[in-house]
Every structure is written in C-alpha cells, then in structure tokens.
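Undergrad: any chance you could fold what I've pasted below:
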Amino acid sequence: MSKVMSLHDAIKTYVKSGDSLCFGGFTTNRKPYAAVNEILRQGLGDFIGYSGPAGGDWDMLIGEGRVKAFINCYIANSGYTNVARRFRNEIEKNKQMLLEDYSQDVLMLMLHASSLGLPYLPVRLMQGSDLVNKWGISKEERAKDPRLPNDKLVEVENPFNPGEKVIAVPVPRLDTAIIHVQKASVEGTCSIEGDEFHDIDIAIAAKKCIVTCEELVTEEEIRKDPSKNSIPQFCVDAVVHTPYGSHPAQCYNYYDYDADFFKMYDSVTKTEEDFKAFLQEWVYGVKDHTEYIDKLGASRLANLKVVQGFGYAAKLVKEEK
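TA: Residues are numbered from 1 along each chain as shown. Below is the predicted model of the structure:
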C-alpha cells in the first residue's frame with residue numbers, strides 16, 4: 001500500500017496542535033526543515049517538544065511561540081551559533097515557554113526507552129550534578145498539563161543492590177515523529193546513510209511517523225539490499241518525496257550544509273524584527289517546498305552537492321580573483 005502524500009497533506013493529517021513532537025537529525029545534520037516550514041505555514045502549535053541536540057528547526061518554532069514546553073539537552077546550529085538565538089531570547093526575556101534540561105546522554109536514552117515501551121528509565125547519569133537538583137518545570141506547573149510527567153526525575157533504590165541510589169527519569173510518550181532520510185520506498189521502508197542518531201527510536205516510539213526523503217523508490221528496489229535499511233514500513237504513516245528537504249542542514253552523501261544560509265540565520269535571529277522578516281521571506285512568503293528550492297536557485301543547490309569520496313562539497317578549482 002502506497003503511503004506517498006504531499007507535504008501539505010502529511011502535516012495536515014498527522015500533526016495536530018498540542019502534539020508531543022520529536023524530530024530526527026542532529027543540530028545541522030539531516031533535520032526535517034521542509035516539514036517544519038510546513039508546520040509553521042499551517043499555524044500549528046502548543047507542542048510539547050522532545051529533542052536530542054536540536055537546531056534551527058526547533059528554534060524557528062520556539063521563536064514563533066509554537067512550543068508550550070521543550071524537553072531538551074542542547075540547541076544550536078553547530079559551528080554558527082553557541083546557543084540558538086530565538087530559544088535564548090525566549091528563555092531569558094519572553095519566559096513563556098516551559099523548559100526542562102537533561103544531559104544529552106540521558107535524553108537520548110529516554111527516547112530509546114520510549115521505543116522499548118518502558119514505564120520509566122533508571123540511570124546513574126546526572127547524579128552529583130545540578131541537573132538533578134534544579135528543575136526547569138516545577139511540580140506545580142507539571143500538574144497543570146497532563147501531557148507533562150509529574151516529576152523531572154525521582155531518586156530510587158536499586159532493588160538488586162539495597163542502599164544504592166539511582167535516578168529514575170520519565171519516558172516520553174510521543175504523538176508524532178518527523179524524520180528526513182536519504183531514501184524511502186512508497187510503502188515506508190527507509191534507508192538512512194551515515195549516523196542514524198535517535199531517528200529509529202522515535203520512529204518506533206511515536207504513534208504517528210512522517211518521513212520526508214531525497215529519493216523515492218519502489219519496495220522491490222529498496223529491498224535489494226536490506227542491510228542498508230533502517231526503519232521498517234510498519235513504523236511509517238506518510239512518505240513525502242522532498243528533495244533538499246533538510247536544507248540548510250546537510251544530508252550525508254547527498255549535499256553539504258549551506259554555510260551562507262546558516263550565517264544569515266544567525267544574523268537575522270538577533271532581533272525579533274529581522275526574524276519575522278526572515279520567516280516572511282523564506283517560510284510564509286513561499287507557497288510550498290517547491291517554491292522554497294526554486295527561490296534558493298539551481299546553482300546554489302548544485303554547489304552543495306557532495307564530492308563522492310570526500311563526503312562534503314569540496315571546492316576543487318581555485319576561484320579567479
């Protein structure tokens with residue numbers, strides 16, 4: 001059964017305001033930017049966001065006030081910002097969004113525990129640090145929203161070694177996962193090249209999963225080498241053919257980061273006015289992802305294509321002065 005949909009219809013069908021939402025990728029790697037832009041266009045929000053190392057994908061949603069609570073470990077366009085600017089502005093000045101901070105290893109393990117269906121996760125990590133003692137979301141705030149766990153963590157005794165204390169952390173209950181991959185079949189089998197990050201975990205854990213892909217192939221084609229496949233079709237609800245769907249992030253073996261775009265984003269997110277102008281030009285001002293890549297232009301995208309063997313967009317010819 002074909003699961004191929006347009007990006008507009010996939011977001012409209014499988015993303016709802018108020019969802020507990022998680023994206024695949026890692027800071028500036030294989031982030032589902034095309035899908036995030038469509039979420040913004042459709043006016044969806046009030047999300048509970050769960051994220052491993054995040055980037056401009058979550059920063060845009062946060063800057064537009066679409067996130068009610070963010071459970072995170074780190075957010076930045078690595079190499080271009082130390083901390084994502086709209087996120088930082090929200091935490092330091094607006095103070096409307098709830099934020100809970102875990103260490104990166106614990107956050108990633110929480111998402112893995114979600115894929116296993118565990119009720120909670122015991123860890124030794126974070127013990128002895130302020131991440132245990134300082135909570136971003138109080139018990140009182142948590143009690144107001146049933147989507148949030150009652151506690152950030154609970155210290156419990158190891159039942160197999162009386163007297164030893166461990167930290168029990170909650171396991172996310174994800175409504176929707178959105179993942180960008182290199183290749184997907186029409187029925188939803190996905191091939192991820194390079195690091196898979198937490199993408200397989202969230203595809204399994206979420207009630208609904210949207211996959212955007214660089215290449216769309218038949219089920220027969222993608223099964224020719226099953227060792228290269230990462231996500232089975234039964235985890236996927238919608239497949240969207242979305243070339244350059246991760247731009248300005250990189251998509252391993254296909255295209256590199258758009259450094260100029262990231263530098264521009266870093267600059268425009270310094271002020272609310274410039275950020276709004278950026279969104280109007282690059283998100284709301286284009287009808288869909290096709291218009292977005294048309295606006296970028298063929299030569300710009302061609303220059304991002306990786307050189308096979310290098311794995312990045314190498315400049316092999318010196319430019320004339």
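Undergrad: surely residue 109 meets residue 122?
TA: No: assessed by C-beta atoms under 8 Å, residue 109 is found out of contact with residue 122, at 10.1 Å. All C-beta atoms are positioned from the backbone trio N, CA, C, and that covers glycine.
Undergrad: more neighbours, these two?
TA: Of the pair residue 109 and residue 122, residue 109 is the one with more neighbours under other C-beta atoms under 10 Å, namely 19 against 14.
Undergrad: hey, where'd the helices end up in the stretch 101-250 of the chain?
TA: Using DSSP state H, counting those that start in this stretch, the helices found in the stretch 101-250 of the chain span residues 104-116, 130-133, 139-144, 199-205, 219-222.
Undergrad: just name the most buried of those helices.
TA: helix 199-205 (a mean of 25; mean count of other C-beta atoms under 10 Å).
Undergrad: how many other residues sit next to the residue nearest to residue 296 when sequence neighbours are not counted?
TA: In space, and not counting its chain neighbours, residue 296 is closest to residue 247: 7.0 Å by C-beta to C-beta, 6 or more residues apart in numbering. For residue 247, the neighbour count with other C-beta under 10 Å is 24.
Undergrad: same check on residue 251?
TA: 26.
Undergrad: do you know how far the residue nearest to residue 296 is from residue 105?
TA: From residue 247 over to residue 105 the distance is 29 Å, taken as C-beta to C-beta, to the nearest Å.
Undergrad: repeat for residue 298
TA: Distance, residue 298 to residue 105, by C-beta to C-beta: 42 Å.
Undergrad: before we move on, the earlier item: quick one, what contacts the residue nearest to residue 296?
TA: Applying C-beta atoms under 8 Å, 6 or more residues apart in numbering, we find residue 247 in contact with 33, 34, 255, 258, 261, 293, 296, 301, 304.
Undergrad: three-state assignment of the closest residue to residue 186 other than its chain neighbours?
TA: Excluding the flanking residues, the one nearest residue 186 by C-beta to C-beta, 6+ apart is residue 2, at 4.6 Å. Of the three states, residue 2 takes coil under DSSP: H, G, I helix; E, B strand; the rest coil.
Undergrad: residue 62: which element?
TA: Residue 62 belongs to helix 56-63 when assigned by DSSP states H and E.
Undergrad: packing partners for that helix?
TA: Applying 3 or more C-beta pairs under 8 Å, 6 or more residues apart in numbering; DSSP states H and E, we find helix 56-63 packed against helix 33-41, strand 47-50, strand 67-72, helix 85-89.
Undergrad: need these in TSV with mean neighbour count and mean pLDDT, can you?
TA: Compiled in TSV, these are given as follows (neighbours: other C-beta atoms under 10 Å; pLDDT from 0 to 100):
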stretch	mean neighbour count	mean pLDDT
helix 33-41	24	98
strand 47-50	25	98
strand 67-72	23	98
helix 85-89	21	98
